[in-house]
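Novice: next input, structure requested:
(one chain, ligands or ions: 1)
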Amino acid sequence: MSVREAYSNPEVIALYAARKKLWATEEILIRRYFRRGRTLDLGAGTGRTTHCLERAGYQPVALDLSNAMLAQAHFPRSVIGNAAQLPFIPGSFENALFSYNGLCHLTPHLQAMCIREVSRVLVPNGIFLFTIEQRKWYQQGILDWVIHAGSSQQFRCPFYRPWQKEILALLRQYGFRVLFVGPRDQLAPEKDYPDCSMIAALRESAQPPQS
Ligand SMILES: C[S@@+](CC[C@H](N)C(=O)[O-])C[C@H]1O[C@@H](n2cnc3c(N)ncnc32)[C@H](O)[C@@H]1O
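Specialist: Numbers count the residues shown, from 1 in each chain. Below is the predicted model:
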């Protein structure tokens, strides 16, 4: 099953549509690092983060692979697209967010392409905030099934746990400086997803050559 199919399942859409608030950790990191201006909300889904960003004045554009998820967001600036191949010109955004481990739905190759693309569409000194479920030494990297928070049921959906050090290396390769990396519950007591790492990175103004 593809990621798009997985996120077209009405049960999955209903689970995500029920959530309306930012995580406390997202709020802390957004306030700490985001700049005023346009924000690309990658994997925006049913618009949990999009509507919060809009209310806080960060001018979001919601992008998602799944038409069905985006339709539920009811947000005017929505784009159906792939986070690994962004339909925007360089320097289009001050901030980018890929929340709730959305990056883990991309294959390792596409994760690298996504980080490169985010670097391209951010302005110099723009901020990229995202989360991953990093792989532990005893875990396999590729999962066919996930349990979406709010359900006890397993749903078929590709999920790739990256090594955190590889993601940090990719960020450096594509011109980012890492500002924050830490487990979700390091900043605020959120115990429901302790394996989740929050990462904030700044796109340096001097860019390394990209291959
Ligand atoms: C875990 S859900 C999170 C949804 C939303 N950000 C939230 O926090 O409620 C992951 C979202 O990422 C989207 N997604 C996965 N791979 C994607 C890709 N390559 N490009 C764009 N969106 C993608 C899925 O369709 C899904 O809506």
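Novice: phi, psi of residue 99?
Specialist: Torsion angles at residue 99 (phi, psi; degrees, to the nearest 10) stand at phi -90, psi 170.
Novice: the strand of greatest length in the chain packs against which elements?
Specialist: Taking DSSP state E as the criterion, the chain has its longest strand at strand 122-133. If contacts are counted by 3 or more C-beta pairs under 8 Å, 6 or more residues apart in numbering; DSSP states H and E, strand 122-133 sits against helix 24-33, strand 93-98, helix 108-121, helix 164-173, strand 196-203. All C-beta spots, glycine's among them, are computed from the backbone N, C-alpha and C.
Novice: what does the second one contact?
Specialist: Among residues not part of strand 93-98, those counted as contacts by C-beta atoms under 8 Å, 6 or more residues apart in numbering are 26, 30, 34-43, 49, 53, 58, 61, 83, 114, 118, 121-123, 126-131.
Novice: please see if that strand touches the ligand.
Specialist: No. Judged by C-beta under 6 Å from any ligand atom, strand 93-98 stays clear of the ligand, getting no closer than 7.8 Å.
Novice: may I have the strands that pair with that strand, each with its orientation?
Specialist: Using DSSP bridges, the strands paired with strand 93-98 are strand 39-42 (parallel), strand 122-133 (parallel).
Novice: so which of those strands is nearest residue 197?
Specialist: Closest to residue 197 of those is strand 122-133 (C-beta to C-beta; 5.3 Å).
Novice: next SSE after that closest one?
Specialist: strand 142-146 (DSSP states H and E).
Novice: by how many degrees do that next one and helix 108-121 diverge?
Specialist: 80 degrees (axes from the mean of the first three to the mean of the last three C-alpha atoms, to 10 degrees).
Novice: what about strand 142-146, distance to the chain center?
Specialist: 18 Å (C-alpha atoms, centre = their mean, to the nearest Å).
Novice: give the next helix or strand downstream of it.
Specialist: Immediately after strand 142-146, counting by DSSP H and E, sits strand 155-160.
Novice: what about this protein, any weak spots by pLDDT?
Specialist: For the chain, the stretches with pLDDT under 70 are 191-194, 208-211.
Novice: close to the ligand: what parts of it are there?
Specialist: Counting by C-beta under 6 Å from any ligand atom, the residues of the chain that sit close to the ligand are 3, 7, 16, 19, 42-45, 48-49, 63-66, 69, 82-84, 99-102, 105-106.
Novice: one step back: most tightly packed of the strands paired with strand 93-98?
Specialist: Highest mean neighbour count of the strands paired with strand 93-98: strand 39-42, a mean of 28 (counted as mean count of other C-beta atoms under 10 Å).
Novice: give the next helix or strand downstream of that one.
Specialist: Next in line after strand 39-42, if elements are assigned by DSSP H and E, sits helix 48-55.
Novice: returning to that earlier point: so which of the residues of the chain next to the ligand belong to helices?
Specialist: 3, 16, 48-49, 69 (DSSP state H).
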